[in-house]
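# How does the following fold in three dimensions:
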Amino acid sequence: MNTLKGFITIFALTLTFAVAAFSQTPLTSLDGARIDVEGQTGKVVVLAIGASWLPLSNKQAEYTNAIAKKYAGKNVVVYFVATDSANPKSKNYASADTLRKFAITNKLTVPVLLDPDGGSTLKKFKIDQVPSFLILDKSGNVAGEQFGGISTDPKYDVTVPIGKVIDRLL
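Model prediction:
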């Protein structure tokens, strides 16, 4: 009887840990540290979701830097989430070195996070296009709709509507 109770306890704990692990978005920094973007309680988190191979990535980096600068010193954390694949056999593969070069070339001032399979973040948050911006509230929940696509029209600055959402959440 004790063996059965022990087995059930171990099984329940294993299942609990597995569910917790899969419920989080598995992102890592370029140096390999695991980052829980949803677990940053008390902070608004802005995710700039893109890829190094996208033609509009330089414009997205510009917007990302502007948001980070505007909210520096406030309870706002901004990340660039690279959806480039970590699998060398993928056509969208990018190594950590490639992404470091991308960040330097585009003068990206925020941490770059790696999405290990190139699509976990897209699936988790139901993002339908890249580049996109997504905002998480202070409890780690999605705040409103994603800001998808980047306009090349200089009259449209995506940081304005993003800023309105951030200001509301602060």
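# Where do the strands of the chain begin and end?
Chain-ordered strands for the chain, with DSSP state E as the definition, fall at 27-29, 34-35, 44-50, 76-82, 112-114, 132-136, 147-148.
# For those strands, state which one has the densest average packing.
Greatest average neighbour count among these goes to strand 44-50 (a mean of 25), per mean count of other CB atoms under 10 Å. In this view, the C-beta of every residue, glycine as well, is placed from N, C-alpha and C.
# relative to strand 132-136, how tilted is that one?
160 degrees (axes from the mean of the first three to the mean of the last three CA atoms, to 10 degrees).
# who does strand 44-50 touch, helix- and strand-wise?
Packed against strand 44-50 by the contact rule (3 or more CB pairs under 8 Å, 6 or more residues apart in numbering; DSSP states H and E) you find helix 57-70, strand 76-82, helix 120-124, strand 132-136, helix 159-169.
# average pLDDT across it?
Model confidence over strand 44-50, given as mean pLDDT, is 97.
# same thing with stretch 89-107?
For stretch 89-107, mean pLDDT rounds to 92.
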